[in-house]
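**Student:** return atomic coordinates for the entry below.
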Amino acid sequence: KIYKHNPEKAYCLRCKRVFVSQAERDKHACKQGDYICPVCGKIFRNKTMVNRHARTHDKNHWYTCDRCPAKFKGRTSLVVHLNK
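**Tutor:** Numbering: from 1, shown residues only. Predicted structure coming up:
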């Protein structure tokens with residue numbers, strides 16, 4: 001993780017700059033080309049990757065097996081399951 005957050009301040013571990021809020025910190029990250037998951041703060045190289053990752057936090061968007069009730073966070077895990 002590149003960022004840490006506490007109730008009062010959020011700051012960038014990369015440049016040590018302190019921000020008054022997480023929202024301000026996230027604006028700073030976007031200017032540096034980083035894409036941050038709004039749920040867990042994990043950083044990704046591009047918007048597609050962060051959007052794909054964000055789905056893992058929402059069980060409504062998990063991948064469901066059409067053969068059984070199993071659900072998976074990622075498509076790769078579903079494919080492995082189907083090939084067993």
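
**Student:** quick one, phi/psi of the nearest residue to residue 47 once chain neighbours are set aside?
**Tutor:** Excluding its sequence neighbours, the residue lying closest to residue 47 (C-beta to C-beta, 6 or more residues apart in numbering) is residue 35, at 5.5 Å. From N, CA and C alone the C-beta is placed, and that goes for glycine too. Dihedral pair for residue 35: phi -120, psi 120, per degrees, to the nearest 10.

**Student:** what do you get for residue 22?
**Tutor:** phi -60, psi -40.

**Student:** from residue 50, how far off is the most centrally placed residue in the chain?
**Tutor:** Nearest to the geometric centre of the chain sits residue 37, at 3.2 Å (C-alpha atoms, centre = their mean). Distance of residue 37 to residue 50, given as C-beta to C-beta, to the nearest Å: 6 Å.

**Student:** ok, back up a step: quick one: contacts for the residue nearest to the centre of the chain?
**Tutor:** Going by C-beta atoms under 8 Å, 6 or more residues apart in numbering, residue 37 touches 43-44, 50, 53-54, 57.

**Student:** could you list which of those belong to helices?
**Tutor:** Among these, the ones falling in helices (DSSP state H) are 50, 53-54.

**Student:** reformat those residues as CSV; add neighbour count, distance to residue 68 and pLDDT.
**Tutor:** Converted to CSV, the ones in helices among the contacts of residue 37 look like this (neighbours: other C-beta atoms under 10 Å; distance: C-beta to C-beta, whole Å; pLDDT from 0 to 100):
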residue, neighbour count, distance to residue 68, pLDDT
50, 17, 30, 87
53, 18, 25, 88
54, 17, 26, 86
